[in-house]
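all I have is the shape, not the residue letters:
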DNA sequence: GACCAGGCACATC
DNA sequence: GATGTGCATGGT
């Protein structure tokens, strides 16, 4: 299975090349982006991020000072803006209380401790936590998203209804625990998903081959 | 004008 | 423990 998963990775990688994820200037921006992209198209998130940057709020000090009501209109393009403004402030408060606002403090924790703490933040679930762990804190954990489940269940590697933890274990049991590999693997999955898996008609040209029948 | 997007929390059974 | 629902914008 390890060889199969690496073969699939190589097919995607040969098609898209290195993707240099996560698209952000700083680890802090990765975290804000991870919250903003919850169930939302990245093109909309980009607008929200640009607004935050233009208002000079894309850092700990800025977001600590900003009020929720100030944040909401700025992140409006990313949808769920009231919820996400709360979530961002929740994360900032957590960082303040547990690490005096220093992201390096969180980064120094073990993978297990950091993950537990992130999951306790209201508004941070498994995917957001793991995205932060992998892309902002450089911890070796495999990020599962809707594309991961869709692609690998359609190709027969996973049951269609597999839950988050099951899918994550599947990849982590069969792949070397390597930050760079996990980083690039998830990025390749998202690109493949975006470009070839939005509908069944889009399979044409997919590096993983064309699927027939229901998916 | 539906339908969907790089989820999550909460209510209800 | 499983299933349903609210949150909301912008692109296809």
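Thanks, I have it. The structure presented is a predicted model; accordingly, all values stated were derived computationally and were not measured.

now what about stretch A:146-164, what contacts it?
Stretch A:146-164 is contacted from outside by A:4, A:126-127, A:144, A:166-167, A:170-171, A:186, A:189-190, A:192-194, A:197, A:208, A:211, A:215, using CB atoms under 8 Å, 6 or more residues apart in numbering. Every residue, glycine included, has its C-beta placed from N, CA and C.

which residue does chain A bring closest to DNA strand B?
Closest residue of chain A to DNA strand B, CB to the nearest atom of the strand: residue A:125 (2.1 Å).

you'd agree that residue is up against residue A:115?
No: in this structure residue A:125 lies outside contact range of residue A:115 using CB atoms under 8 Å: 11.5 Å.

can I see the domain layout of chain A?
Listed domain ranges for chain A are A:2-20+A:142-203, A:27-136 (source: automatic domain parsing).

what's stretch A:27-37 in contact with?
Contacts of stretch A:27-37 (CB under 8 Å, 6+ apart): A:22-24, A:45, A:48-49, A:52, A:58-60, A:63, A:75, A:78, A:84, A:87-88, A:91, A:103, A:107, A:123-124, A:128, A:131-132, A:135-137.

drop anything exposed from those.
Listed as buried from the contacts of stretch A:27-37 are A:22, A:24, A:45, A:48-49, A:52, A:58, A:60, A:63, A:75, A:78, A:84, A:87-88, A:91, A:103, A:124, A:128, A:131-132, A:135-137; burial here means 16 or more other CB atoms under 10 Å.

thanks a lot, see you next time.
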